[in-house]
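Student: any chance you can model this:
(one chain, ligands or ions: 1)
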Amino acid sequence: MTDGRAATARGPGRVNLIGEHTDYNGGLALPFPIAAGCTVRAEAIDGLDVVAVAEDLGEEDRFPLADVQPAEGWRAFVRGMVAELARAGFTVRPARVTISADLPRGGGLSSSAALEVALALAWLALSGEEDADRVELARLCSRVENDWVGARTGLLDQLAALAGAPGHALRIDFATLALDPVPLQPDGWRLVVLDSGAPHTLSAQDGYNVRRAECERAAAELGVRWLSQADPAAASRLPEPLDRRVEHVLTENARVDATVAALRAGDLAAVGPLLDASHASLRDLYDASVPAVEQARARMLEAGAAGARMMGGGFGGSVLALFPPGAQAPPEAIAVEPGLPARVLA
Ligand code: GLA
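Tutor: Now for the predicted structure:
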């Protein structure tokens, strides 16, 4: 709702069909927003402060708009959002923001981006600025995550949440930020996610940061801005493990476009082996798997999945699988489909 005094916005979680660890390498990915997500209600208040309430945690934060200091946990998102919106020249009104979510934290469905985009849109709607460019907003949300929350993630999650379209996966080219919706009509097939139970912990973030640093080193050695521009023959002469990291990125980009072609041809059966190949690459070339993820994937395959892979940053989180018509996914797995992108609720 937005009447000048209050606004409510919804930020979705995301599933990435394929294209992992490609965003910060100028490569390709194919994510979509899902129904589960985060809702933020912002109410204008008198005074000079922001009051933020995390409903599910029963916690509150209060800070002056004019002097935003860093904080930990969920507070870092709110404070960072206020600071970055103001720095970008948007009007940030004193407000009480109430956060509620129906997306598991740390389950690999990008609860962070869901919160960021809901906060951004709710605050912007309060000053009638919710039509801001969504690619710019994705960058702004990403700065909140990088500089205030301290997670060196790429743009995948924020773009999926802000720019996805119902019934479509979104092909993103991170070198140009070209966005290309691709119809994803399952036709009896089902995509499901299963939480491995190994949460995204600090060590998962460490693993992610180490991979990013390796990619930067490999790009510097190859003299390219992004690994996606690397010459495969030159990459294969890099010292181990940099050679394998680049091979993952290059082959993963190719798998994204093979998946786009399969979807455009309505050939869901062809997508299963691509998910399997993505997983093998993330496990063997990118070293991003952990035993709990392997077990969750094995359960999906035993249940009859046509293909399954780890999803998101790796080192824990969820496994995504594609089930053919008639096959029964494990009971705790959640069905996912492309839903609405981030929006101000009427
Ligand atoms: C996490 C990050 C994204 C992306 C993926 C890996 O989800 O937030 O930016 O790097 O890992 O594809």
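Student: quick check: buried residues in whichever strand or helix holds residue 61?
Tutor: Element membership for residue 61, per DSSP states H and E: strand 59-64. Going by neighbour count (16 or more other CB atoms under 10 Å), the buried part of strand 59-64 is 61, 63. In this view, the C-beta of every residue, glycine as well, is placed from N, C-alpha and C.
Student: contacts for it?
Tutor: Contacts to strand 59-64, defined as CB atoms under 8 Å, 6 or more residues apart in numbering, come from residues 48-54, 69, 71, 74-75, 78-79, 82.
Student: from residue 43, how far off is residue 72?
Tutor: 25 Å (CB to CB, to the nearest Å).
Student: so which of the two has more stuff around it?
Tutor: Between residue 72 and residue 43, counting by other CB atoms under 10 Å, residue 43 is the more crowded of the two (17 against 8).
Student: can I get the helix or strand hosting the more buried one in CSV? Just the C-alpha atoms.
Tutor: Assigned by DSSP H and E, residue 43 falls within strand 31-44. Provided in CSV are the C-alpha atoms of strand 31-44 (Å, rounded to 0.1, in the frame of the first residue of the first chain):
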residue,chain,number,x,y,z
PRO,A,31,17.6,-17.4,-12.5
PHE,A,32,14.0,-16.7,-11.6
PRO,A,33,12.1,-15.1,-8.7
ILE,A,34,9.9,-17.4,-6.6
ALA,A,35,6.8,-16.9,-4.6
ALA,A,36,8.5,-17.1,-1.1
GLY,A,37,10.2,-14.0,0.0
CYS,A,38,10.2,-11.0,2.3
THR,A,39,7.7,-8.3,3.0
VAL,A,40,8.6,-4.8,4.3
ARG,A,41,6.1,-2.2,5.5
ALA,A,42,7.4,1.3,5.8
GLU,A,43,5.4,3.9,7.7
ALA,A,44,6.5,7.5,7.8
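Student: what about it, average pLDDT?
Tutor: Across strand 31-44, pLDDT averages out at 98.
Student: helices or strands next to it in the packing?
Tutor: Counting contacts by 3 or more CB pairs under 8 Å, 6 or more residues apart in numbering; DSSP states H and E, strand 31-44 packs against strand 6-16, strand 95-101, helix 111-126, helix 156-163, strand 168-173, strand 334-336.
Student: near the ligand, which residues of the stretch 201-346 of the chain?
Tutor: 312, 313 (CB under 6 Å from any ligand atom).
Student: now whatever residue of the stretch 201-346 of the chain ends up closest to the ligand. Nearest residue, chain neighbours left out?
Tutor: Using CB to the nearest ligand atom, residue 313 is the residue of the stretch 201-346 of the chain that sits closest to the ligand, at 3.3 Å. Spatial nearest neighbour of residue 313, chain neighbours left out: residue 208 (4.7 Å); criterion: CB to CB, 6 or more residues apart in numbering.
Student: distance check, the one you found against residue 310.
Tutor: As judged by CB to CB, residue 208 and residue 310 stand 13 Å apart.
Student: which residue ranges form the strands in this structure?
Tutor: With DSSP state E as the criterion, the chain has strands at 6-16, 28-29, 31-44, 49-54, 59-64, 95-101, 168-173, 178-183, 190-195, 307-310, 318-323, 334-336, 343-344.
Student: quick check: residue 344 touching residue 130?
Tutor: Yes. If you go by CB atoms under 8 Å, residue 344 and residue 130 touch, sitting 5.1 Å apart.
Student: got a list of what the closest residue to residue 292 other than its chain neighbours touches?
Tutor: Spatially, and ignoring its direct neighbours in sequence, residue 292 is nearest to residue 198 (3.8 Å; CB to CB, 6+ apart). By CB under 8 Å, 6+ apart, the contact set of residue 198 is 204, 290, 291, 292, 293, 315, 316, 317.
Student: in contact with the third one, which residues are there?
Tutor: Neighbour list for residue 291: residue 198 [criterion: CB under 8 Å, 6+ apart].
Student: report the separation between it and residue 299.
Tutor: 13 Å.
Student: tell me which residue is most central in the chain.
Tutor: For the chain, the residue nearest the mean C-alpha position is residue 157 (2.4 Å; CA atoms, centre = their mean).
Student: check that residue and give its pLDDT.
Tutor: pLDDT, residue 157: 98.
Student: isn't it up against residue 15?
Tutor: No. Counting by CB under 8 Å, residue 157 sits too far from residue 15 to count as a contact (10.5 Å).
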